[in-house]
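Undergrad: Just a sequence and a predicted model for now, questions to come.
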Amino acid sequence: MTQTAPISDEQIRQLVDSFYDKIRADADLRPIFERVVAGDCETRLAKMYEFWSSVILTSGFYKGSLVAVRKHMGGLEIGLLDRCLALFGESCDELLDRETAGLSWLKAAHVAESLKLLLFCRPDRPWLRNAS
């Protein structure tokens, strides 16, 4: 097994920039992204650098909450969240060595699953139990 150098803060910034460039280029995801950044892209990207640093490096820099993000995510469907994860994976594969890309994508997949639970899980609506 080869030893992989830890991902740097600069690589995380490049990864986030690449990922959000892909989101902005996607006709379905761009309107959601624009609503979330609401004219303050630099501040939002700085928060995303902190967030992904916290996720990938477990740095603890990010002090926000996924629950707070939920209110800005109107129009995001499970399929679009899956597309976001695929775009993140593309950026990982383009910018990182294979092992680091795989580990970073796996952490992103855990974030995506958490977001799915926050955005789409409705215990008050037992629609899955009643589905035929």
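TA: Looks like it arrived, so ask away. Numbers count the residues shown, from 1 in each chain.
Undergrad: what's the spacing between Gly102 and Ala27?
TA: Note on Gly102: its distance to Ala27, by Cβ to Cβ, to the nearest Å, is 29 Å. In this view, the C-beta of every residue, glycine as well, is placed from N, C-alpha and C.
Undergrad: Neighbour count: the two, which is higher?
TA: Comparing Gly102 with Ala27 by other Cβ atoms under 10 Å, the one with more neighbours is Gly102, at 15 against 6.
Undergrad: which other helices and strands contact the strand or helix carrying Glu50?
TA: Using DSSP states H and E, Glu50 sits in helix 41-57. Here helix 41-57 touches helix 9-25, helix 30-37, helix 98-120, going by 3 or more Cβ pairs under 8 Å, 6 or more residues apart in numbering; DSSP states H and E.
Undergrad: Could you tell me the angle between the shortest one and helix 9-25?
TA: Taking axes from the mean of the first three to the mean of the last three Cα atoms, to 10 degrees, one finds that helix 30-37 is oriented at 130 degrees with respect to helix 9-25.
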